[in-house]
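Colleague: coordinates for the following, if possible.
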Amino acid sequence: MKADEFDGRFDRGGDITAALDMAKAQRPGEDQRRVNVDFPAWMIAALDREARRLGVTRQSVIKVWPAAR
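Modeller: A predicted model of the protein is given here:
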């Protein structure tokens, strides 16, 4: 499929997935790196309360809060 055909199909809301190689798909800026962070006990307790309130894991809360701020 040529680029202009691909663009046109996409612009019209057509299905372009057959033209994509999903095995090589990446999200830019989404590569992960592991970090170790020490938190005081009171902060861990606050994270755990928020995680229970939201019904998610502590790690999920830790990942979302910096991104939101």
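Colleague: can you show me the helices along the chain?
Modeller: Listed in chain order, the helices of the chain (DSSP state H) span 3-11, 41-54, 58-68.
Colleague: tell me the buried residues in the shortest one?
Modeller: What that stands for is helix 3-11. When burial is assessed from 16 or more other C-beta atoms under 10 Å, helix 3-11 yields no buried residues. In this view, the C-beta of every residue, glycine as well, is placed from N, C-alpha and C.
Colleague: with the second one instead?
Modeller: For helix 41-54, the buried set under the neighbour-count rule, 16+ other C-beta under 10 Å, comprises 47, 50-51.
Colleague: repeat for the last one
Modeller: The neighbour-count criterion (16+ other C-beta under 10 Å) identifies V61 as the buried residues of helix 58-68.
Colleague: separation between the residue lying closest to T57 once chain neighbours are set aside and R33?
Modeller: For T57, ignoring the flanking residues on the chain, the nearest one in space by C-beta to C-beta, 6 or more residues apart in numbering is A51 at 6.0 Å. According to C-beta to C-beta, to the nearest Å, A51 and R33 sit 22 Å apart.
Colleague: can I get the helices of the chain in JSON lines with distance to M22 and mean pLDDT?
Modeller: Shown next, in JSON lines, are the helices of the chain (distance: least, C-beta to C-beta, whole Å; pLDDT from 0 to 100):
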{"stretch": "helix 3-11", "distance to M22": "15", "mean pLDDT": "92"}
{"stretch": "helix 41-54", "distance to M22": "31", "mean pLDDT": "96"}
{"stretch": "helix 58-68", "distance to M22": "24", "mean pLDDT": "89"}
